[in-house]
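Participant: got a sequence here, can you build the structure:
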Amino acid sequence: MTRAEFTKFVEDTLEDVIGVAEERSGRQLPREIAFQWLFSKDEPLRFGIVAAIVDRVYVDENAIYPCVDIGVGDLLEDGTPLIVASVAGYPPRPFGQNWTGKAGPFVRIIGGPFMAKASGTRTDGGRNTASGAFGYSIVDK
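Facilitator: Take a look at the predicted model:
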């Protein structure tokens, strides 16, 4: 898979995970998003999101990290959906099916903080900030 093809695949994946979050929460979400790698201390990205994902996951046409959890993890204070992702420790390999049977490396997730806020049960999203824990559910299992 070329870098351009993978870039389009990432764009489609972002739309897909937003759609999954809308379906699960019953809420319409804006398409202006933020992005953060799980466990990163960096501020969420608001621009260059697709490029940041491609740069981290795509090595070359025959080497792509094969397992990346990705999905709407939270809602920021301004209501912006925060997409989170985590690259598993497997070595890169050619583009193929992931362990869920879907094409490509992306395993769709829904963050506990997002679901808590979307349901109105907790405005803090239930994050355990002391431990850094972040709970999420895998959509495709």
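Participant: immediately after the longest helix along the chain, which helix or strand?
Facilitator: With DSSP state H applied, the helix covering the greatest number of residues in the chain is identified as helix 3-25. Using DSSP states H and E, the helix or strand that follows helix 3-25 in sequence is strand 34-37.
Participant: what about that following strand, distance to the chain center?
Facilitator: 8 Å (CA atoms, centre = their mean, to the nearest Å).
Participant: so in the chain, where's the weakest helix or strand by average pLDDT?
Facilitator: Across the helices and strands of the chain, mean pLDDT, DSSP states H and E gives its lowest value to strand 136-138, namely a mean of 82.
Participant: ok, and what's touching it?
Facilitator: With contacts defined as CB atoms under 8 Å, 6 or more residues apart in numbering, strand 136-138 is touched by 69, 71, 73, 84, 100, 107-112, 115. Every C-beta, even on glycine, is put in place using the N, C-alpha and C of the backbone.
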